[in-house]
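J.: Pasting a predicted model and its sequence here:
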Amino acid sequence: MMYEQIQRRAGAASPLHRLSRQWERYFHYALLLPLIVALAVLIGFPLLYGLYYSFTNYRLLSADAPRWIGLDNYVRLFGDADFRAAAWHTAIFGLFGIHLEFVIAFGLALLLARQVRGIGLLRTLYLIPYMVGGVLVGFQYRWFFNDQFGLANNFLVGLGVIDSPIAWLVRYPMASVIAASIWHTAPFTAMLLLAGLLAIPDELYEASAIDGAGRVQQFCFVTLPMLLPLIVLVLTLRYLAVPPVFDHIMVMTGGGPALQTDVLMTYIVRTAVQKGLFGRGAAASYLLLLIQMLLLVWQLRVIQRLRHGGS
């Protein structure tokens, strides 16, 4: 027995054994190395390259070499009324679109959480809008709100709500874009909320019912507190998706009419591609990235505060 212990200790202390244990410790990092290199080449290099261009006067159709101009692009952006208007439109889109979408998605999730016949099929069908591409949704709602043969006008005129067709994309462009966005992304929000609702133990509702709680009281004192961390996460995910919103607006209105639906992404495309001011467009892109990073930091702080409060 003692001889075997001595051999085991000698083997454990051997250089070959130590090398083997070190290799096992760092083996998973070696497996991640190709992915890290790919991310550095495909994401890191373009990010740094674009950051450099944001400090230059680079023009797409100019034969002159880019010249370093420092923070001039950023200063010009803050002095540009169109950029400020695009930022304001982005905030309006997020303020009204995201919260209205959340209310609709929450109601949809509550309906789908009920155990009735055929609910499995309904939980599958309600995800169909989210499976459609954003560009296709834009074309669909561009036809839906058409002032001559759009389905919205035909339906409302048939019901007698309006007397004549309305040019929705001209008179109410932002509301039309928000409606298309809600139809497209509300199923995703509802899916996340539905998962949270189904994860709440039935014992909590049974105990609250024994104590005399009604449906409204169960919703206020059981459902909402249990879903609060998920609600914060869902809203933050949707907030992060607001600054780069592009496809619906670009297809339906192109940022118009008269830049009424011009948001940060359409401003960046118009500045960098259509006007050829690539350096200024790159600067606007990094300001957009900064907004998303600030939203992410806010999300992490809120979640951390809720976690400490729950403990």
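T.: Everything's here; your move. Numbering: from 1, shown residues only.
J.: roughly how far apart are residue 189 and residue 130?
T.: For residue 189, the distance to residue 130 under the criterion C-beta to C-beta, to the nearest Å works out to 9 Å. C-beta coordinates here come from the backbone N, C-alpha and C atoms, glycine included.
J.: now residue 183
T.: 10 Å.
J.: neighbour-wise, which of those two wins?
T.: Each of residue 183 and residue 130 had its neighbours counted (other C-beta atoms under 10 Å), and the higher figure belongs to residue 183 (19 against 16).
J.: ok, then the element right after the host helix or strand of that one?
T.: Residue 183 is part of helix 173-199 when elements are defined by DSSP states H and E. Scanning the chain past helix 173-199 towards its C-terminal end, the next helix or strand to appear is helix 202-210 (assignment: DSSP H and E).
J.: tell me how far that next one is from the chain's mean position?
T.: The chain centroid and the centroid of helix 202-210 are separated by 35 Å under C-alpha atoms, centre = their mean, to the nearest Å.
J.: for the record, mean pLDDT for it?
T.: Helix 202-210 shows a mean pLDDT of 88 in the predicted model.
J.: Send me it as PDB with only the CA atoms.
T.: Presented in PDB, the C-alpha positions along helix 202-210 are these (Å, rounded to 0.1, in the frame of the first residue of the first chain):
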ATOM      1  CA  ASP A 202     -49.300  27.000  -9.900                       C
ATOM      2  CA  GLU A 203     -48.900  26.600  -6.200                       C
ATOM      3  CA  LEU A 204     -48.600  30.400  -5.800                       C
ATOM      4  CA  TYR A 205     -51.900  31.000  -7.500                       C
ATOM      5  CA  GLU A 206     -53.600  28.200  -5.500                       C
ATOM      6  CA  ALA A 207     -52.200  29.700  -2.200                       C
ATOM      7  CA  SER A 208     -53.300  33.200  -3.100                       C
ATOM      8  CA  ALA A 209     -56.800  31.800  -4.000                       C
ATOM      9  CA  ILE A 210     -57.100  30.200  -0.600                       C
END
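J.: Surely residue 94 touches residue 240?
T.: No. Applying C-beta atoms under 8 Å, one finds residue 94 not in contact with residue 240, separated by 10.0 Å.
J.: who's more crowded, those two?
T.: Neighbours per residue, other C-beta under 10 Å: of residue 94 and residue 240, the larger number sits with residue 94, 20 against 16.
J.: SS state for that one?
T.: Secondary structure, DSSP: H, G, I helix; E, B strand; the rest coil: residue 94 is helix.
J.: Who are the contact partners of it?
T.: Listed by C-beta atoms under 8 Å, 6 or more residues apart in numbering, the contact set of residue 94 reads 239, 242.
J.: Please determine how far it is located from residue 301.
T.: Between residue 94 and residue 301 the distance, using C-beta to C-beta, works out to 19 Å.
J.: And residue 257, by the same measure?
T.: Look at residue 257 and residue 301: by C-beta to C-beta, they are 39 Å apart.
J.: of those two, who's got more company?
T.: Under the criterion of other C-beta under 10 Å, the comparison of residue 257 against residue 301 puts residue 257 first, with 13 against 10.
J.: List the contacts of that one.
T.: Here residue 257 is in contact with 169, 170, 173 (C-beta under 8 Å, 6+ apart).
J.: Tell me how many other residues crowd the last one.
T.: Translated: residue 173. Residues contacting residue 173 under the criterion other C-beta under 10 Å number 22.
J.: now swap in the first one and tell me
T.: The burial metric for residue 169, expressed as a neighbour count using other C-beta under 10 Å, is 22.
J.: Thought residue 163 was touching residue 157, still the case?
T.: Yes. Here residue 157 lies in contact with residue 163, judged by C-beta under 8 Å, at a distance of 7.4 Å.
J.: Between these two, which has more neighbouring residues?
T.: Set side by side, residue 157 and residue 163 give different neighbour counts by other C-beta under 10 Å, the larger being at residue 157 (14 against 8).
J.: Could I get the full set of helices for the stretch 201-311 of the chain?
T.: 202-210, 215-218, 224-241, 247-252, 264-269, 278-310 (DSSP state H, counting those that start in this stretch).
J.: Mind putting those into TSV with distance to residue 139?
T.: Rendered in TSV, the data for the helices of the stretch 201-311 of the chain read as follows (distance: least, C-beta to C-beta, whole Å):
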stretch	distance to residue 139
helix 202-210	44
helix 215-218	42
helix 224-241	20
helix 247-252	6
helix 264-269	17
helix 278-310	25
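J.: Against residue 32, how distant is residue 248?
T.: When C-beta to C-beta is the yardstick, residue 248 and residue 32 sit 36 Å from each other.
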